[in-house]
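> how does the following fold in three dimensions:
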Amino acid sequence: MDVPLPSLLPGIFPTTNSMLRGSGILYWLSSKAGLINCSKPVHATVSFQIKDFCDSGVTDLTQYLRVGFRLAFHAIPNNSSEWIANYVSPISEQDLANGVTNDDQELNIESFESNNMPTGKNGKDTYSLEKEMRALSFLLGIFQKNGQLYIPLSNLHSRISNSGDAELSRYIGSSSLKRRQFVEDRSYIFMLADNDVVYLQGFFIC
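Coordinates of the predicted model:
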């Protein structure tokens, strides 16, 4: 059940019972997405993508953010412990002075990896050769059916979600963030461009 949450920046954004406003520590980051650990006002994992960052001119998050940074966010619920941000920004000195956050507890990144890291080379998910081959065959089959060497990432998201294979969907990624990381971590097959279009690498073109 959603409960009213305090506004992060009162008067700037409307307050709703289904929006979480708070701050947290960035504990995973790629060029296009990130994960924030939030401990107040609720314990939750908040995911965000580059389009949600406060500066729309940023094309690579890693050039401006680092793991360990504290970020302010506005997010909507995905489930009881996972939230999806629609606005993310660094915490300013003025925000700190105004008491936006007083959580000084240091984040133990290792303690979150096993449950929260996206699937991929940096994650703790068990690698399965059988599932890997099924996943890659499925994704390459999408390119083959389309008859093109590139596909929008959003198209892949839709195909994976509608595959009807729950096990395959979980292995590739149960969220858009995890599926993005799956593609990024297999750069020997796929290339994810800045416009979120996935290309096949040259030597996988038949």
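> hey, where'd the helices end up in this protein?
93-97, 109-116, 129-146, 153-161, 166-172, 176-184 (DSSP state H).
> packed most tightly, which of those helices would that be?
Neighbour counts (mean count of other C-beta atoms under 10 Å) averaged over each of these peak at helix 176-184, with a mean of 21. Bear in mind the C-beta positions are built from the backbone N, C-alpha and C, glycine included.
> which helices and strands does that one pack with?
In terms of contacts (3 or more C-beta pairs under 8 Å, 6 or more residues apart in numbering; DSSP states H and E), helix 176-184 is packed against strand 33-40, strand 44-49, helix 153-161, helix 166-172, strand 190-192.
> out of these, flag the one nearest residue 90.
Across the helices and strands packed on helix 176-184, residue 90 has its closest neighbour in strand 33-40 (11.7 Å, C-beta to C-beta).
> let me know the angle separating the closest one from helix 176-184.
150 degrees (axes from the mean of the first three to the mean of the last three C-alpha atoms, to 10 degrees).
> circling back to that earlier point, mean pLDDT lowest where, among the helices and strands packed on helix 176-184?
Looking over these, mean pLDDT reaches its minimum on strand 33-40, with a mean of 82.
> that strand pairs with which strands?
strand 20-29 (antiparallel), strand 44-49 (antiparallel) (DSSP bridges).
> buried residues, it. List them.
Across strand 33-40, burial judged by 16 or more other C-beta atoms under 10 Å covers 33, 34, 35, 36, 37, 38.
> how about residue 86, what does it touch?
For residue 86, the contact set (C-beta atoms under 8 Å, 6 or more residues apart in numbering) comprises 52, 74, 75, 76.
> and the chain, what are its domains?
With domains defined by automatic domain parsing, the chain comprises 20-116, 129-204.
> worst mean pLDDT among these?
Across the domains of the chain, domain 20-116 gives the lowest mean pLDDT, at a mean of 76.
> tabulate the strands paired with strand 33-40 (JSON lines), appending distance to residue 56 and mean neighbour count.
Output for these, formatted as JSON lines (distance: least, C-beta to C-beta, whole Å; neighbours: other C-beta atoms under 10 Å):
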{"stretch": "strand 20-29", "distance to residue 56": "18", "mean neighbour count": "22"}
{"stretch": "strand 44-49", "distance to residue 56": "12", "mean neighbour count": "22"}
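> mind checking which of the ones you listed is nearest residue 200?
With C-beta to C-beta as the yardstick, what comes closest out of the strands paired with strand 33-40 is strand 44-49 (22.7 Å).
> can you pull the contacts of residue 61?
Contacts of residue 61 (C-beta under 8 Å, 6+ apart): 29, 30, 31, 32, 33, 34, 50, 53.
> double-check the second one against residue 182; I have them as touching.
I take that to be residue 30. No. Counting by C-beta atoms under 8 Å, residue 30 does not reach residue 182; the two are 11.5 Å apart.
> closest to residue 144 out of the helices and strands packed on helix 176-184?
Closest to residue 144 of those, according to C-beta to C-beta: helix 153-161, at 12.3 Å.
> just the CA coordinates of the closest one, formatted as CSV?
Taking C-alpha atoms only, helix 153-161 is exported to CSV below (Å, rounded to 0.1, in the frame of the first residue of the first chain):
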residue,chain,number,x,y,z
LEU,A,153,16.6,-1.6,-27.8
SER,A,154,13.0,-0.9,-27.1
ASN,A,155,12.0,-3.5,-29.7
LEU,A,156,14.2,-6.1,-28.0
HIS,A,157,12.6,-5.3,-24.7
SER,A,158,9.2,-5.9,-26.2
ARG,A,159,10.2,-9.2,-27.8
ILE,A,160,11.9,-10.5,-24.7
SER,A,161,8.9,-9.6,-22.5
